[in-house]
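>>> give me a 3D structure for the following:
(chains A and B)
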Amino acid sequence: MTPTREILWNINALGPILLYSLMAIPFVFLAFGLARRVRMWRQGQPEDRFDRLGSRIWHAVVMSILHGRIVRRRNLAGGLMHLAIFVGFVTLFIGTVIVMIEADITVPLFGVSFYRGDFFLGYKLAMNLAGVLLILGALAALYRRTVRRPATLDTAGDDIVILAFLIVLSVQGFALQALRMAVTEDPWGRWSFVSYPMAVALSGLPEGWLRGIHLANWYVHFLTNFVFLSYVAYSKMIHPFTSFANVVFRRHQPRGALEPIENLEEAKVLGVGKLEDFTWAQLLNVDACMHCGRCLEYCPTFTTGKPLRPRDLVLELAGYMADRGGIFSGELGQGENSARYRWGAGPDRELIPEVVTPAELWDCTTCGACMEQCPVYIEHVPLIVGMRRNLVLERGEFPEEVTAVFTNLERLGSPYQFPPNQRAAWTKKLDQPVPEMAEVAARGEEVEVLFWVGCLGSFDARNQRTTVALARILQAAGIRFAILGKEECCTGDPARRIGNEYLAQMMAQQAVETLNTYNVKKVVTACPHCFNAIKNEFPQIGGNYEVIHHSQLIHQLLAEGRIQLDPDSALARGKVTYHDPCYLGRYNGEYDAPRAALAALPGLELREMRRNRHASFCCGGGGGRLFMEETRGTRINQARVREAMDTGAELLAAACPFCMTMFEDGIHGVGAEESFTVLDLAEIVAGSMIAPTSPAGGDARPEAATPDRQE
Amino acid sequence: MLTGRYGITSAAAVVVGIALILLSELGGVHAARVFGTALISAGGIALGVLVGLDQPRRSTGLARLRAWRVSLGILAAAITVVPVVVALAAALVALPGAADDGRGGTAVLGTLIALLMLVAAVGCFVLAVRAIRRAARPVTPGDPASAGEE
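Numbers count the residues shown, from 1 in each chain, chains lettered A, B, ... in the order given. The predicted structure follows:
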């Protein structure tokens, strides 16, 4: 006897007639909802995201199946829960299609049946396993949403209804199988390891009862499926479509590069002042949010009690878009359209400040933690910077403290009120001269590398020490380098992130022209913000250079033995913790070089902070926040300093002048000046360097590096 | 849009598809079923896309549905759950009879599974009704905490 089963057992002709005829209804609802969404996205500005479509789709498929951004070590329970639901649901869906192929195609058209034998037994086993996974995953999700309720997880009625649907559909499936087997008593019933025991329990009932209950359950099961399918496009269950589409059409440019406003002088719209000013891909971004709250977990503003919550900002926009797009088929302007979004409150509001408040926009440090964590690649920072641009360029509204920054950038080429001719003042602290590119070019010489000092490294007294330390390392390694001196200017990074695209483009253009004048090929900098701008944004305007961060160069010099460290130096002992700068780590993927450089000092014990590498916590200084007052919630830099101190380290290693400034302030803020110190990686290495033997070597110890360390 | 060429074609596809299903099930021409299904699906999808891409307009029918959504939701939840609850409860009732035929252990296990599923199904019904009722409550704009669990 070959193992198989009768498809549509106990169902007369009316069953399939209704099943197939009514199938049009869920398809109409599903297609309508999806088309309405596409229509909403098309309100946005054009943007080409159709390049390399094959690889885009392939990557999205792989990411969906492997759950690459969903199952993560720090979200293991939630990730596995979603994986169980996903595997269970997809397997059951495939199982349904297999039955359909057998019943509707291979048998009636070709007389071929494959739904039997070993395949059938494996199928039964797989379907039971999938049902169990789906039920357990959905129950875990319900527990998480209704009992545990983590602060980052927001639960709407829709979330519960979806989970209830999934559980009930699975239970119906098991019940149907059990009722059928209670009558047919399949000898291979044990392969259905969940339904079979229930079938045995049910076998005590009269056959007529079993058939009656089976019939009722069969009709309700297919109707439940149809209602569920109809509900998909108007609920969170749309996410297999929107999230997949969002991953397919995600931005492929370097993450650290913000899109410039093209033809700024002639642009009719500056930034995003209306929903329609976003690009279609950004509107898809907004629609893809499933309010999982992952973006909140590492967000420096949410975790320190500030108004900006990246998830809520996206949902505010989603609710607003639903209001304006008429997703539920009402007229444009139906408030009910946003019923799914608790934030939706009508389409007649102004984007800023009624949908998104300026406080939310100015809180962002552009650290990128939200984008790094988002399972569906939503890019929050470009959304925020787009709206900042509108505030700054169209309305002239920005925090008062930023006015001086803009003025200084415009007049002096740096955020600070120092004249350009003081940019090289720090070189006087060195024993050896540091040539400027103008002199080098005048002599007809070339250098290996241009040292881009940056504004903080040039003018800020604390960061000048890092600059001096790096110059000493370069000199000790015998690298032929030069600086731009008074010809250097800001890269435009703070202006661009604050939203002053006009000023940012002006700065960047000036910098690229200078670099191209000297035919610069390779640039080293100690500032991750400059590093990111030169590496990722200068190519937008014709500036293409090999850019390395000083941590990478130091690591390379150590590896090549071009600088030697003294393992007994005062700086090379004790416990140290390293802070990953956002614009070096998350935006440019460099986590190892700074750690490798620290590891070259065997006396230093590296202790990682709880949030490190891609999950690092911001210092609070990015996105122009270094120049703004922090008046709401707890201070971000103090939160990070406390976390660093919790490791038991006495020394915090930084690799960014912005972080340095924030941490110096944070250490004072928490009153830990006596017990905790922050030093740049260059200071630690230069302070531990064995003085070079070359006659021009000089003293390699950085000025004031050692005294800062509390021994 | 529905009165346009594509709309009429799509609606016609659904009608022809249903006719083929009738032919398949009542006329015994089972080979027609897959074609009927394909036409119904394609026609339904096309209709949905056409209306979805069209300019949104007021529909009194949908507005009424929206007004009744809480009652309809609760009714649908009840209809969805009742038959399966009956089936699972039947497994509990049938246990004494089933335990006599030498498969008592398996029957007890089956009853236990049925009981767990029964609890899950009823629990889902209760949670879904609460969620449907809560979702219908008005929410103060800009105040997410007022409606939620945070």
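>>> report pLDDT for the residue of chain B most remote from its centre.
For chain B, the C-alpha lying farthest from the average C-alpha position belongs to B:Gly102; by C-alpha atoms, centre = their mean, that distance is 39.0 Å. If you check B:Gly102, the pLDDT there is 77.
>>> and the spatially most central residue of chain A, how far from chain B?
Most central in chain A under C-alpha atoms, centre = their mean is A:Met371, positioned 1.7 Å from the mean C-alpha point. The spacing between A:Met371 and chain B, counted by C-beta to the nearest C-beta, to the nearest Å, is 22 Å. For the C-beta atoms, the positions are set from N, CA and C on the backbone; glycine is no exception.
>>> what strand or helix carries that residue?
In the assignment (DSSP states H and E), A:Met371 maps to helix A:369-373.
>>> the residue lying closest to A:Gly137 once chain neighbours are set aside: neighbour count?
Take A:Gly137 and drop its neighbours on the chain: the residue closest to it by C-beta to C-beta, 6 or more residues apart in numbering or on different chains is A:Ala84, 3.2 Å away. Close neighbours of A:Ala84, defined as other C-beta atoms under 10 Å in any protein chain shown, add up to 21.
>>> and the residue of the stretch 451-600 of chain A found nearest chain B, how far from A:Lys306?
Nearest to chain B, among the residues of the stretch 451-600 of chain A, is A:Gly499, at 22.7 Å (C-beta to the nearest C-beta). With distances taken as C-beta to C-beta, to the nearest Å, A:Gly499 is found 18 Å from A:Lys306.
>>> neighbour-wise, which of those two wins?
Counted by other C-beta under 10 Å, A:Gly499 and A:Lys306 do not tie: A:Gly499 has more neighbours, with 28 against 22.
>>> separation between the residue lying closest to A:Arg145 once chain neighbours are set aside and B:Leu88?
Leaving aside its chain neighbours, A:Arg145 sits nearest to A:Thr155 (4.5 Å; criterion: C-beta to C-beta, 6+ apart). According to C-beta to C-beta, A:Thr155 and B:Leu88 sit 27 Å apart.
>>> do B:Gly36 as well
35 Å.
>>> what does B:Leu50 give?
Distance from B:Leu50 to B:Leu88, by C-beta to C-beta: 43 Å.
>>> show me which of those two is the more surrounded one.
A direct count of neighbours by other C-beta under 10 Å for B:Leu50 and B:Leu88 places B:Leu88 higher, at 28 against 21.
>>> domain parsing for chain A?
Using automatic domain parsing, the domain ranges for chain A come out as A:14-248, A:275-394, A:403-708.
>>> and of those domains, who's closest to B:Gly61?
Closest to B:Gly61 of the domains of chain A is domain A:275-394 (C-beta to C-beta; 9.7 Å).
>>> residue contacts, the residue lying closest to the residue of the stretch 451-600 of chain A closest to chain B once chain neighbours are set aside?
Sequence neighbours aside, A:Arg388 is the residue nearest to A:Gly499 in space, at 3.1 Å (criterion: C-beta to C-beta, 6+ apart). Applying C-beta atoms under 8 Å, 6 or more residues apart in numbering or on different chains to A:Arg388 gives the contacts A:271, A:361-362, A:398, A:497-499.
>>> residue 93: which element?
Assuming you mean chain A. Take DSSP H and E as the rule and A:Phe93 turns out to sit in helix A:76-100.
>>> should've been chain B
B:Val93 belongs to helix B:69-98 when assigned by DSSP H and E.
>>> for that helix, name the packing helices and strands.
helix A:157-184, helix A:195-202, helix A:207-232, helix B:104-135 (3 or more C-beta pairs under 8 Å, 6 or more residues apart in numbering or on different chains; DSSP states H and E).
>>> OK, contacts around the residue nearest to the centre of chain A?
With the criterion set at C-beta under 8 Å, 6+ apart, A:Met371 makes contact with A:255, A:295, A:377-381, A:586.
>>> with A:Ile162 instead?
By C-beta under 8 Å, 6+ apart, the contact list for A:Ile162 reads A:235-237.
>>> turn the residues you listed into a markdown table, including secondary structure.
Shown next, in a markdown table, are the contacts of A:Ile162 (DSSP: H, G, I helix; E, B strand; the rest coil):
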| residue | secondary structure |
| --- | --- |
| A:Ser235 | coil |
| A:Lys236 | helix |
| A:Met237 | helix |
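>>> so can I have JSON lines of those showing distance to chain B?
JSON lines is the format used below for the contacts of A:Ile162 (distance: C-beta to the nearest C-beta, whole Å):
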{"residue": "A:Ser235", "distance to chain B": "10"}
{"residue": "A:Lys236", "distance to chain B": "12"}
{"residue": "A:Met237", "distance to chain B": "14"}
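>>> now flag whichever of these is closest to A:Ala476.
Closest approach between those and A:Ala476, by C-beta to C-beta: A:Lys236, at 58.6 Å.
>>> so that closest one makes contact with A:Ile160?
No - contact criterion C-beta atoms under 8 Å: A:Lys236 and A:Ile160 do not qualify, at 10.2 Å.
>>> of the two, who's got more company?
The residue with more neighbours, out of A:Lys236 and A:Ile160, is A:Ile160; 23 against 18, by other C-beta under 10 Å.
>>> residues in contact with that one?
Per C-beta under 8 Å, 6+ apart, neighbours of A:Ile160: A:142, A:145-146, B:127-128, B:130-131.
>>> at 7 Å what do you get?
The contact partners of A:Ile160, by C-beta atoms under 7 Å, 6 or more residues apart in numbering or on different chains, come to A:145, B:127-128, B:131.
>>> what does A:Met321 give?
A:40, A:275, A:283, A:286-287.
>>> tell me who's in contact with the closest residue to chain B within the stretch 101-250 of chain A.
Proximity of the stretch 101-250 of chain A to chain B (C-beta to the nearest C-beta) peaks at A:Gly204, 2.6 Å away. By C-beta under 7 Å, 6+ apart, the contact list for A:Gly204 reads B:94, B:96-98.
>>> just the buried ones among the residues you listed, please.
With burial judged by 16 or more other C-beta atoms under 10 Å in any protein chain shown, the buried subset of these is B:94, B:98.
>>> coming back round to it: got the confidence number for the residue nearest to the centre of chain A?
Looking at A:Met371, its pLDDT stands at 96.
>>> any idea how far it lies from A:Tyr587?
9 Å.
>>> so for B:Gly4, which of the domains of chain A sits nearest?
Using C-beta to C-beta, the domains of chain A put domain A:14-248 closest to B:Gly4, at 14.9 Å.
>>> circling back: from chain B, how far out is the residue nearest to A:Gly499?
Taken as C-beta to the nearest C-beta, the span from A:Arg388 to chain B is 20 Å.
>>> could you dump the contacts of A:Gly204 into JSON lines and include pLDDT and distance to A:Val512?
What follows is the contacts of A:Gly204, written out as JSON lines (pLDDT from 0 to 100; distance: C-beta to C-beta, whole Å):
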{"residue": "B:Ala94", "pLDDT": "89", "distance to A:Val512": "81"}
{"residue": "B:Pro96", "pLDDT": "83", "distance to A:Val512": "86"}
{"residue": "B:Gly97", "pLDDT": "80", "distance to A:Val512": "86"}
{"residue": "B:Ala98", "pLDDT": "78", "distance to A:Val512": "82"}
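>>> got the contacts of A:Gly204 as CSV, with distance to B:Ile45 columns?
Putting the contacts of A:Gly204 into CSV (distance: C-beta to C-beta, whole Å) gives the following:
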residue, distance to B:Ile45
B:Ala94, 43
B:Pro96, 51
B:Gly97, 48
B:Ala98, 46
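>>> so which of the contacts of A:Gly204 comes closest to chain A?
Nearest to chain A among the contacts of A:Gly204 is B:Gly97, at 2.6 Å by C-beta to the nearest C-beta.
>>> element containing the nearest residue to that closest one once chain neighbours are set aside, please.
Nearest in space to B:Gly97, with sequence neighbours left out and distances taken as C-beta to C-beta, 6+ apart, is A:Gly204 at 2.6 Å. Take DSSP H and E as the rule and A:Gly204 turns out to sit in neither a helix nor a strand.
>>> near chain B, which residues of the stretch 151-300 of chain A? Just list them.
Selection of the stretch 151-300 of chain A residues close to chain B by C-beta under 7 Å from any C-beta of the partner chain yields A:151, A:154-158, A:160-161, A:164, A:167-168, A:171-172, A:174-175, A:179, A:194, A:197-205, A:213, A:216-217, A:220, A:224, A:227.
>>> kind regards, and thank you for your time.
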